[in-house]
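> quick one, what's the 3D model for this:
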Amino acid sequence: MTQSSPPKTDNRGHTAADGDHQFTADEVEALVREYDSESNFRNLVGPTAKLVTVVSVILSLFHVYTAGFGLLNEVMHRTIHLAFVMGLIFLVFPRKRAKPTRKLWIESLIFAAFYLYMLWTMVPTLPEGTLKYVFIAVVLVLTVLTLPFNRRGADPEKVALRDWIFAACGAGFSAYLSFGFDYVFIQNVGNPPQEVYLMGFVAILMTLEATRRTMGPTLAYIGIGCLLYALFGPYLPGIFAHRGYSISRIINHLFIGTEGIYGVAVGVVATYVFHFVLFGILAQMSGLGQLFIDLATIIAGRASGGSAKVSVVSSGFFGMISGSPIANTVTTGAFTIPLMKKSGFSGRFAGATEASASCGGQITPPIMGASAFVMTEMLGIPYNELILIAIVPAAFHYIAILLMVHLEAKKLGLTGMTKENIPQFANVLAKSWHLFIPLGVMVAMLLMQYTPFLAAFWGIILTIVCSYIPWVMSKIGNTTMDTSTVLTPPRLVRGFEDGAKFALAIGAACACVGFLLGMTTLTGLGFKFSAAVVELAHDLAGWVTMIDFTGLLSEDGMALFFGLIFVAIACIIMGAGIPTTPTYIILASIAAPALMEFDVPLIATHFFVFYFGVLADVTPPVALAAYAAAGLARSEPMTTGTTAFRLSMGKALVPFMFVYAPALLFVNFTWMEFITALLSGLVGVLALSAAYIGWFRRSLATWEKLVLTLAGLLLISTNMIAIAVGALIVLAILARPAPAISAPGT
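Predicted coordinates for the structure are as follows:
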């Protein structure tokens with residue numbers, strides 16, 4: 001969720017090092033900019049930089065004020081938020097390339113053709129008059145400006161005229177609804193004036209362009225696909241056909257009200273996510289990130305392979321204030337990856353460990369990622385209940401990684417970190433005790449069922465106030481505490497500016513996801529996809545049961561298994577190149593209903609797609625977190641991504657366990673089912689971890705790895721016989737002694 005700039009030195013002044021190489025500030029920042037499109041900001045200077053700073057600070061102050069003193073009505077709040085976000089995006093984010101490539105030209109021409117097609121279908125519905133021709137001219141100009149024409153020698157870091165035009169149009173369509181709220185939603189309810197449709201057209205165009213600029217083209221293509229699906233419904237085959245809708249009807253559905261652009265996704269960002277983004281930025285600036293690294297070193301540093309376990313634990317701690325896998329990877333990895341390499345792990349394994357562990361931030365309570373707030377809205381459950389439900393999934397995530405790290409360390413014969421490299425707990429506590437206050441108060445408020453935005457408000461206020469404690473203590477003279485993390489007015493302005501910037505990309509993405517949400521409710525797309533998945537799953541299940549001579553397999557059971565496999569594959573494919581939050585929203589709207597057809601509890605279906613969506617950042621070929629880690633580890637990106645994905649396979653069992661044993665999510669809870677699922681899950685994760693690493697007190701043969709994998713799959717079943725058989729197989733293989741080594745000459 002939050003994406004703070006990675007620290008270049010720790011609070012003791014140490015710089016992350018890779019052997020003799022020192023990671024400079026520019027190198028670490030370059031990794032973030034290269035792999036995290038959401039952090040690829042322009043280096044603005046002059047009056048434009050000052051304007052962006054002022055507008056960003058105003059946006060942050062608006063959210064802090066409304067969090068503490070009351071939100072506006074939902075439409076007004078969302079339109080004001082999106083007006084700032086869309087206006088800033090085109091000033092803060094550069095165009096992708098200085099020299100347009102053939103690929104970029106093809107991509108831009110596809111989008112331009114779509115805009116012209118929408119214009120062509122819209123024009124016949126417009127009444128004759130000046131407004132009609134002004135509208136045509138505006139759309140044509142905007143369409144031409146989307147093409148990658150560049151002035152010779154143009155610097156993409158500088159804001160061009162087209163960026164100012166896009167910024168004005170992007171802010172304008174939401175500002176129109178903000179200032180004309182009474183005119184549009186009260187005086188003309190049910191019969192919007194013609195100019196509303198024209199502004200809605202501009203809203204669609206600018207939302208797609210903002211998404212392209214911040215997230216790349218993939219999500220924008222999905223947005224276009226949803227609009228085309230609504231337009232061409234009568235021409236589609238089979239169950240996906242529908243009556244079709246005019247462009248005016250589509251604009252009305254997406255732009256007016258809370259079914260489309262201003263739907264639940266943007267609402268969650270405007271009322272929850274932004275506040276926690278800002279809290280994470282300020283907490284990181286006040287030194288909380290370094291505190292997490294120190295605590296992780298104290299907890300896990302002495303264990304076998306301690307440096308890698310420090311990476312896992314610190315990533316888990318950091319995930320409590322950051323839901324961004326890439327920011328988590330680079331922030332903690334700048335220190336932990338060099339330590340892992342020095343202790344004997346390969347660069348590939350070190351980078352993969354950091355990336356796989358960092359992806360857990362989005363499922364780690366108490367803050368988790370933006371997806372968690374969307375989930376609370378979709379499921380209608382309090383946030384304090386959701387973070388309790390998420391404890392077991394997060395625990396399995398980190399247990400699986402720690403097991404693999406431990407087995408790899410034992411396989412390589414690695415020891416823990418030396419005593420000199422492990423900080424003293426008393427020293428860490430003495431200098432950083434004040435940092436626990438904001439986080440503790442915020443967590444307590446969440447558990448006491450205060451609203452998340454009010455909890456974030458007090459977290460932000462207390463972070464600012466508590467950052468002055470070292471300064472006060474040093475003035476009193478009782479101690480010489482580090483005062484470099486005090487949030488002085490200049491640093492606070494920088495924090496408010498960064499908080500707004502890091503919330504821009506997720507704002508654009510959620511506005512674009514509104515296209516899918518709007519078209520799903522308009523066309524019934526989710527039910528159609530569900531019907532297709534259910535039908536295919538039952539067909540495959542029928543074929544399998546026909547050749548099952550044992551009679552142990554039921555058609556309903558196999559249909560559920562195949563349905564889970566299809567949805568998991570859809571999550572992984574969809575997540576390749578799209579951040580977790582949009583992926584979750586899309587799949588929760590389309591794929592999750594398919595699992596409900598198999599009588600899977602609602603919370604289990606959402607956690608299933610959420611969990612597999614998280615794996616997308618370590619799923620090649622677009623494993624962005626793993627590629628960022630590879631940059632720090634100086635390893636080959638694709639092999640690092642493949643290793644990170646394989647490291648994540650131990651916890652890939654866990655979503656299936658939620659479905660077969662929902663007691664793990666405290667649904668239909670019984671102690672017997674919970675304990676059985678917990679123990680079988682732990683044994684299954686151990687089996688897959690040993691199979692992947694190829695070691696458990698000894699090297700494992702290939703056949704043993706295969707058998708352990710199959711036994712691990714048996715352990716996700718709810719059938720006690722299958723669980724018993726799987727557990728016995730695992731214990732039998734892992735308990736086998738190492739083969740005797742013959743003495744030389746015998």
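> tell me where the stretch 451-600 of the chain is predicted with low confidence.
Scanning the stretch 451-600 of the chain for pLDDT under 70 picks out the ranges 477-483, 549-552, 575-577.
> also the stretch 251-400 of the chain?
322-323, 369-370.
> all helices for it, in order.
264-268, 274-285, 288-300, 306-318, 325-343, 347-358, 370-379, 383-389, 391-412 (DSSP state H, counting those that start in this stretch).
> what do you get for the stretch 51-200 of the chain?
According to DSSP H, counting those that start in this stretch, the helices that the stretch 51-200 of the chain contains are 74-92, 102-122, 130-146, 161-179, 181-182, 194-215.
> can you check the stretch 551-700 of the chain too?
Using DSSP H, counting those that start in this stretch, helices in the stretch 551-700 of the chain cover 555-575, 580-590, 592-596, 602-614, 624-633, 637-647, 653-660, 671-693.
> okay, the ones you listed, which one's buried deepest?
Stretch with highest mean neighbour count among the helices of the stretch 551-700 of the chain: helix 624-633 (a mean of 30; mean count of other Cβ atoms under 10 Å). No exception for glycine: its C-beta is placed from N, CA and C like everyone else's.
> report the inter-axis angle for it versus helix 637-647.
Following axes from the mean of the first three to the mean of the last three Cα atoms, to 10 degrees, one obtains 120 degrees for the angle between helix 624-633 and helix 637-647.
> what average pLDDT does helix 624-633 get?
Averaging pLDDT along helix 624-633 gives 82.
> let's see it as CSV, backbone CA atoms only.
Written as CSV, here are the backbone C-alpha positions of helix 624-633 (Å, rounded to 0.1, in the frame of the first residue of the first chain):
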residue,chain,number,x,y,z
LEU,A,624,8.6,-7.2,-10.5
ALA,A,625,9.5,-7.6,-6.9
ALA,A,626,11.9,-10.4,-7.8
TYR,A,627,13.4,-8.4,-10.5
ALA,A,628,14.0,-5.5,-8.1
ALA,A,629,15.6,-7.9,-5.7
ALA,A,630,17.8,-9.3,-8.5
GLY,A,631,19.1,-5.7,-9.1
LEU,A,632,20.3,-5.6,-5.5
ALA,A,633,21.6,-9.1,-5.5
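> from the middle of its chain, how far away would that helix be?
16 Å (Cα atoms, centre = their mean, to the nearest Å).
> show me what it is packed against.
Identification of packing neighbours for helix 624-633 by 3 or more Cβ pairs under 8 Å, 6 or more residues apart in numbering; DSSP states H and E yields helix 25-35, helix 325-343, helix 347-358, helix 637-647.
> quick one: buried residues of the longest one?
What it means is helix 325-343. 325-341, 343 (16 or more other Cβ atoms under 10 Å).
> ditto for stretch 454-472
Here stretch 454-472 shows 454-464, 466-470 as buried, counting by 16+ other Cβ under 10 Å.
> and the residues you listed, which of them are in helices?
454-464, 466, 469-470 (DSSP state H).
> redo the residues you listed as JSON lines? Include distance to Val486.
Putting these into JSON lines (distance: Cβ to Cβ, whole Å) gives the following:
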{"residue": "Leu454", "distance to Val486": "25"}
{"residue": "Ala455", "distance to Val486": "24"}
{"residue": "Ala456", "distance to Val486": "21"}
{"residue": "Phe457", "distance to Val486": "21"}
{"residue": "Trp458", "distance to Val486": "19"}
{"residue": "Gly459", "distance to Val486": "17"}
{"residue": "Ile460", "distance to Val486": "16"}
{"residue": "Ile461", "distance to Val486": "15"}
{"residue": "Leu462", "distance to Val486": "14"}
{"residue": "Thr463", "distance to Val486": "11"}
{"residue": "Ile464", "distance to Val486": "10"}
{"residue": "Cys466", "distance to Val486": "10"}
{"residue": "Ile469", "distance to Val486": "9"}
{"residue": "Pro470", "distance to Val486": "7"}
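> from the residues you listed, pick the one nearest Phe179.
If you rank those by distance to Phe179 using Cβ to Cβ, Phe457 comes first, at 26.8 Å.
> let me see the contact set for that closest one.
Contact partners of Phe457, counting by Cβ atoms under 8 Å, 6 or more residues apart in numbering, are 64, 67-68, 275.
> same deal with Glu157?
42-44, 94.
> tabulate the helices of the stretch 551-700 of the chain (TSV), appending distance to Gly238.
Putting the helices of the stretch 551-700 of the chain into TSV (distance: least, Cβ to Cβ, whole Å) gives the following:
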stretch	distance to Gly238
helix 555-575	17
helix 580-590	16
helix 592-596	16
helix 602-614	24
helix 624-633	35
helix 637-647	34
helix 653-660	28
helix 671-693	38
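> select, out of these, the one closest to Val441.
Val441 lies closest, by Cβ to Cβ, to one member of the helices of the stretch 551-700 of the chain: helix 580-590, at 26.0 Å.
> and for that closest one, what's in contact with it?
Contact partners of helix 580-590, identified using Cβ under 8 Å, 6+ apart, comprise 215, 219, 222, 265, 323, 325, 362, 369-371, 374-375, 378, 506, 509-510, 512-513, 516-517, 520, 525-526, 529-530, 567, 570-571, 574-575, 578, 605-606, 609-610, 613-614, 616-617.
> now do that helix against helix 325-343, angle only.
Using the same axes, to 10 degrees: helix 580-590 against helix 325-343 is 120 degrees.
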